[in-house]
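S.K.: Just to be clear, the model below is a prediction. Sequence and coordinates:
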Amino acid sequence: MGGNQTSITEFLLVGFPLSPRMQLLLFGLFSMSYAFTLLGNGVILGLISLHSKLHTPMYFFLSQLATVNIACACNTVPQMLVNLLSPTQPISFAGCLTQTFLFMTFARTECFLLVVMSYDRYVAICLPLQYSTIMSWKVCDTLVMASWTSGVLMTLVDMVLLLPLPFCGPQKVNHFFCEIIAILKLACADTHLNEVVIVTGGVCMLVGPVSTIVVSYAHIAHAILKIQSAEGRWKAFSTCSSHLCVVGLFYGTAIIMYVGPPHGDPQEQKKYLLLFHSLFNPMLNPLIYSLRNREVNAALRRRLGKGRLCENPTDN
């Protein structure tokens, strides 16, 4: 590193270079989406905590997914809202790298959690008599801890390679948050190794989990087709439909981002896809589970008081 290089101490997030009126409109839209994300996932967490019927492995994993959704939104959205109102407001170097670390950790943890949830559905439908033994609480805790630990450790590899790089300008990050590729473009050094590690990790996080989920659901589909009654088949499928929708949203975005043919500016395309992932995915997930899951619906109705007479028949 040359001695005449001056390390920068803060970055400017370019975000969405739009007119002030459009930025104000987006601020309102994104603020409502952020509020719905916190509310929806908070309701899911509250229902699972308060209702004993939801104290099962399936809903334990769902509570972890809701936690990741809240954490992911809280990591990126507030800074984006600040930038919409004050585009010249900088973010510190340490704050930017912290945001990068947390975003990648949450995204990778969500990948592993979705795999764990597909495994849970596989055991429940294909090995129902052994479900309570295989999916014991000790196993569930281990699977969740492994998901979080794997997400952290994989991200640490990228951060260890990123931290030694010199940053001497420019300061403008072409993104609405501190996305690692956008940051690497500002480094005053060769970043080829960093990019190879990031792309390799991204491909592994895409191919490995997707393949595992596809295999799990192939076995699930085979088991469901062997069920004699149509009602039984529908009941078995309904326990998987919400998870399938969430998997489709999450990995659909990732596949378009990494595999889909580029149209226009790839950097801008990736920016909007990551916006969908960090803002709208966490908002849609609780809606999917509340609308398509009978037990969550029932718990929500009871909590709102619609099932009070059924729960407290002696009140009359």
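M.R.: Sure, I can see it. Residues are numbered from 1 along each chain as shown.
S.K.: so Ser216 sits in a strand?
M.R.: No: with DSSP: H, G, I helix; E, B strand; the rest coil as the criterion, Ser216 is helix rather than part of a strand.
S.K.: please renumber so the chain begins at 84
M.R.: Happy to do that; since the first residue is 84 now, the last one works out to Ser299.
S.K.: Can you tell me how far the nearest residue to Leu370 once chain neighbours are set aside is from Pro292?
M.R.: Closest residue to Leu370 apart from its sequence neighbours, by Cβ to Cβ, 6 or more residues apart in numbering: Gly123 at 6.2 Å. Where you see a C-beta, it was placed from the backbone N, CA and C, and this is true even at glycine. Taking Cβ to Cβ, to the nearest Å as the measure, Gly123 falls 24 Å from Pro292.
S.K.: sorry, back to before: from the chain's centroid, how far away is the strand or helix carrying the residue nearest to Leu370?
M.R.: Assigned by DSSP states H and E, Gly123 belongs to helix 103-133. In this view, helix 103-133 has its centroid 15 Å away from the chain centroid, taken as Cα atoms, centre = their mean, to the nearest Å.
S.K.: could you point out which element follows it?
M.R.: helix 140-168.
S.K.: could you give me the average pLDDT of that next one?
M.R.: The predicted model gives helix 140-168 an average pLDDT of 92.
S.K.: tell me the angle of that helix relative to helix 103-133?
M.R.: Helix 140-168 and helix 103-133 are oriented at 160 degrees to each other (axes from the mean of the first three to the mean of the last three Cα atoms, to 10 degrees).
S.K.: So which elements touch helix 140-168?
M.R.: On a contact count with 3 or more Cβ pairs under 8 Å, 6 or more residues apart in numbering; DSSP states H and E, helix 140-168 meets strand 93-96, helix 103-133, helix 176-209, helix 220-245, helix 364-375.
S.K.: any chance of these in a markdown table, plus distance to Ala156?
M.R.: Putting those into a markdown table (distance: least, Cβ to Cβ, whole Å) gives the following:
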| stretch | distance to Ala156 |
| --- | --- |
| strand 93-96 | 17 |
| helix 103-133 | 5 |
| helix 176-209 | 9 |
| helix 220-245 | 16 |
| helix 364-375 | 5 |
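S.K.: Dump the ones you listed to JSON lines, plus distance to Ser324 and mean neighbour count.
M.R.: Output for the helices and strands packed on helix 140-168, formatted as JSON lines (distance: least, Cβ to Cβ, whole Å; neighbours: other Cβ atoms under 10 Å):
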{"stretch": "strand 93-96", "distance to Ser324": "38", "mean neighbour count": "19"}
{"stretch": "helix 103-133", "distance to Ser324": "16", "mean neighbour count": "16"}
{"stretch": "helix 176-209", "distance to Ser324": "10", "mean neighbour count": "21"}
{"stretch": "helix 220-245", "distance to Ser324": "22", "mean neighbour count": "15"}
{"stretch": "helix 364-375", "distance to Ser324": "5", "mean neighbour count": "20"}
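S.K.: Could you tell me the least trusted of these?
M.R.: Looking across those, the weakest by mean pLDDT turns out to be helix 364-375, at a mean of 81.
S.K.: next one: it to chain centre, how far?
M.R.: The answer for helix 364-375 is 12 Å, by Cα atoms, centre = their mean.
S.K.: Send over it as CSV, restricted to the C-alpha atoms.
M.R.: Taking C-alpha atoms only, helix 364-375 is exported to CSV below (Å, rounded to 0.1, in the frame of the first residue of the first chain):
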residue,chain,number,x,y,z
ASN,A,364,-39.8,-10.4,1.4
PRO,A,365,-39.8,-9.9,5.2
MET,A,366,-43.2,-8.1,4.9
LEU,A,367,-44.8,-10.8,2.7
ASN,A,368,-43.6,-13.8,4.7
PRO,A,369,-45.9,-13.3,7.7
LEU,A,370,-48.8,-12.6,5.3
ILE,A,371,-48.2,-15.9,3.5
TYR,A,372,-48.1,-17.8,6.8
SER,A,373,-51.1,-16.1,8.3
LEU,A,374,-53.3,-16.4,5.2
ARG,A,375,-52.4,-19.9,4.2
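S.K.: the inter-axis angle of that helix versus helix 176-209?
M.R.: Using the same axes, to 10 degrees: helix 364-375 against helix 176-209 is 20 degrees.
S.K.: Which strands or helices does helix 364-375 pack on?
M.R.: On a contact count with 3+ Cβ pairs under 8 Å, 6+ apart, helix 364-375 meets helix 103-133, helix 140-168, helix 313-341, helix 377-386.
S.K.: among those helices, which is nearest Phe260?
M.R.: Of all the helices and strands packed on helix 364-375, it is helix 140-168 that lies closest to Phe260, at 4.4 Å by Cβ to Cβ.
S.K.: sorry, back to before: out of the helices and strands packed on helix 140-168, which comes closest to Asn152?
M.R.: From these, taking Cβ to Cβ, the stretch that ends up closest is helix 364-375, at 3.6 Å.
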